[in-house]
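Quick check, what structure comes out for this input:
(2 chains)
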2 protein chains.
Amino acid sequence: MFTLDRKLNDGTRIGKLTTPHGEIRTPFFMPVGTVGSVKSVAPSELVDLGAQIVLSNTYHLYLRPGEQLIKKLGGLHQFMRWNKPILTDSGGYQVFSLGDRGKDKNSLVKISPEGVEFKSHLDGSKHFFTPEKVIDIQLDLGVDILMPLDVCPSGKATLDEVKRATDLTVIWAKRAKEHFELQTKNYTPENKPLLHGIVQGGLDLDLRRQCAAALIDLDFDGYSIGGLAVDFETRDMWKVVELMGQILPENKQRYLMGVGTPDDIQKAVTLGIDMFDCVLPTRLARHASVYVKCQEEKKFTLVNLLNARYREDGGVIDPGCGCPTCSGGFSKAYLSHLLRSSEILGLRLATLHNLYQYLNLMRQIQDGR
Amino acid sequence: MFTLDRKLNDGTRIGKLTTPHGEIRTPFFMPVGTVGSVKSVAPSELVDLGAQIVLSNTYHLYLRPGEQLIKKLGGLHQFMRWNKPILTDSGGYQVFSLGDRGKDKNSLVKISPEGVEFKSHLDGSKHFFTPEKVIDIQLDLGVDILMPLDVCPSGKATLDEVKRATDLTVIWAKRAKEHFELQTKNYTPENKPLLHGIVQGGLDLDLRRQCAAALIDLDFDGYSIGGLAVDFETRDMWKVVELMGQILPENKQRYLMGVGTPDDIQKAVTLGIDMFDCVLPTRLARHASVYVKCQEEKKFTLVNLLNARYREDGGVIDPGCGCPTCSGGFSKAYLSHLLRSSEILGLRLATLHNLYQYLNLMRQIQDGR
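Numbers count the residues shown, from 1 in each chain, chains lettered A, B, ... in the order given. Model prediction:
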């Protein structure tokens, strides 16, 4: 359950989200642990960094190691030794990414009204996802916040294609919601996870408005804004985000899926968004890029530690940063050396720094600073 | 300085080694951090595991990032954020490994009485190591225990080749010692690092005896036993180790370089060896192999976590183990999943377990258990 505690003049919504595994201060950022591990980072480190929740992926965990195995071993929290909340993406985005989101004739993906057939990226085996099955998988994983199966159109899709994807997303959302309520009817209010509706509609504001209205009618626990993290220009995205901030219910949490840079997140927060996830902090770190904050302007710049100028730089990435890497005194010269030498510790230390930057930014926003 | 506190009935020597960066309980094991990082492990984790000292490599650090840079940035301890003792191998083994230890006609390595010319494995650039230069590099790194440049013959070398390598090792050891004393004449007793002599001689006991005698005459701070970690059958090695335990000075620490399995180490300890290093715990972990101790017999078995039987195994590697992986409750099924998915956390958790097994074994030996 979402509680909006206060709204700042700039539009920022400050509140909390209660889940079976505890309360989360909002707005918040979710580190991405696609297959049940935030790349290179241990659960205890995530706690130390201030992560309140992690995101994992239904599609990946379904394929390997399988949700039945995870259920048998006590659920995803027990499996990955993380006892704070977990959100799972439905897998819709991953499934449609396999086939350029359904446009390719030789696509690995076949959409029908019933669901979507796809081939595993691991072994080519065929699988079929329905809205109901995707709910079942997530309930078996035992996560706190579930996403329904949606149809995520490509940025290159025609308006007609986007319309059909959006219509099917709404139909599937209804089936997902009904199945979810049936399957969780014996859950206690404390143990019942949260189900979101995912608003699609590409960059078309009318479609987005219609989709949101239809999903709001279905009364989801919260609302996600899908399809914006992929191949749209950032400037196009903001009209949709702004609209969503205006029309989605004030008393429900809003999740801008897969977005974005620290600057994107700061802007989206002022448009009324409460939840974020993004692979950038972990992925960029693995490519030696780290965020540095300009204290005055709350702007972030990216620095590549493989740049020659850092080879002899005995300073830390950011002297004002409280992350284990900077407060531990690991110099840019050392990080540069480790990354050049393909040493795992290098990308670990860079990852810790980037995640801290995101999580610390969210703490400052939560504190109204 | 080495202090032998007591000798157990089984031959185990229990004592302490004092270095510029503190005292080390003996016998001890050194995790290997070749390029200035124990692969995937942070310094704070090494401390938590009970590591008293780490080993790094002169050859690798000389080539990248360069000992001058490390010196400029405050020395290797400051560079890698590790304030306990560091031992550096001389690089002799690495240099000779490049050219099948000098046997190959197209070898990257050319030995002369003056020193050894070699080509960098990184960029093919030519370099020349002399015994004096190798001392200088290690003094610039600022490490606690130095190894002199030695000639490490291949396991396939003829007796004559081994004899020539051993003779040159002794000549170089003398030059290294003289240069070391000259360069450290202004060091305080507390700050002066320790220099070892490295005994070579292959599997020939007479050569080993002669080499040891010549090095003992030079009065090193401690003695290393080289050339046994590579391609000799274990059963051949033990005659040499036994001889060394008998003839090396009782009041100096003995270091069996590059050896070995936990069982090897337990045996060598009873033959009077005080110091060990080995890549096995870290390297095997990266290949999903973890050590399990049979409590009764103090024997260790290796378990490969990629074995199908562990895919659904909700138990930890070893319920009696105090490592972060086992005590943290990470199941074999989860480790198996991470390792199959090439997730860095998998090899990290396996590495922590293996290092703990080694370091805990040494603690038990130090405690006389």
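
Distance of the nearest residue in space to A:L146 that is not next to it in sequence relative to chain B?
Spatial nearest neighbour of A:L146, chain neighbours left out: A:Q138 (4.3 Å); criterion: C-beta to C-beta, 6 or more residues apart in numbering or on different chains. Backbone N, C-alpha and C define where each C-beta goes, glycine included. Distance from A:Q138 to chain B, counting by C-beta to the nearest C-beta, to the nearest Å: 18 Å.

Likewise for A:L215?
A:L215 is 33 Å from chain B, by C-beta to the nearest C-beta.

Excluding sequence neighbours, find me the nearest residue to that residue.
Per C-beta to C-beta, 6+ apart, closest to A:L215 is A:G197, 3.5 Å.

got it, and A:E190?
A:P20 (6.5 Å).

where along the stretch 201-350 of chain A do the helices fall?
A:205-217, A:234-247, A:262-270, A:280-286, A:324-327, A:332-340, A:344-366 (DSSP state H, counting those that start in this stretch).

With mean neighbour count and mean pLDDT added, can I get the ones you listed in TSV?
Formatted as TSV, the entries for the helices of the stretch 201-350 of chain A read as follows, by neighbours: other C-beta atoms under 10 Å in any protein chain shown; pLDDT from 0 to 100:
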stretch	mean neighbour count	mean pLDDT
helix A:205-217	18	98
helix A:234-247	17	92
helix A:262-270	21	96
helix A:280-286	21	97
helix A:324-327	20	98
helix A:332-340	23	98
helix A:344-366	23	98
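
Relative to B:L63, which of those helices is closest?
helix A:332-340 (11.2 Å; C-beta to C-beta).

Name the residues of stretch A:162-174 that come out as buried.
Within stretch A:162-174, the residues that qualify as buried are A:162-170, A:172-174, counting by 16 or more other C-beta atoms under 10 Å in any protein chain shown.

I should have written stretch A:66-84 there, sorry.
Of the residues in stretch A:66-84, A:66-67, A:69-71, A:73, A:75-82, A:84 count as buried by neighbour count, 16+ other C-beta under 10 Å.

Now whichever strand or helix holds the residue nearest to A:L215 - C-alpha only, PDB.
Using DSSP states H and E, A:G197 falls within strand A:194-199. C-alpha atoms of strand A:194-199 as PDB (Å, rounded to 0.1, in the frame of the first residue of the first chain):
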ATOM      1  CA  LEU A 194       1.200  -5.800  -5.000                       C
ATOM      2  CA  LEU A 195       0.200  -6.000  -8.700                       C
ATOM      3  CA  HIS A 196       0.900  -3.100 -11.100                       C
ATOM      4  CA  GLY A 197      -0.800  -2.200 -14.300                       C
ATOM      5  CA  ILE A 198       1.600  -1.300 -17.100                       C
ATOM      6  CA  VAL A 199       0.600   1.700 -19.200                       C
END
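
If you count neighbours, what's buried in that strand?
So, applying 16+ other C-beta under 10 Å, buried residues of strand A:194-199: A:194-199.

Would you point out the most distant pair within these?
Pairwise over those, using C-beta to C-beta, the maximum falls at A:L194 and A:V199, 16.0 Å.

Would you agree A:H121 falls within a helix?
No. Checked against DSSP: H, G, I helix; E, B strand; the rest coil, A:H121 lies outside a helix; its state is coil.

quick one: it and A:G91 touch, right?
No. Counting by C-beta atoms under 8 Å, A:H121 stays clear of A:G91, with 11.7 Å between them.

More neighbours: these two, which one.
For A:H121 versus A:G91, neighbours defined as other C-beta atoms under 10 Å in any protein chain shown are more numerous around A:G91 (26 against 14).

was I right about that one contacting A:K133?
No. Counting by C-beta under 8 Å, A:G91 does not reach A:K133; the two are 9.9 Å apart.

Next, show the common contact partners of the two.
Shared contacts of A:G91 and A:K133 (C-beta atoms under 8 Å, 6 or more residues apart in numbering or on different chains): none.
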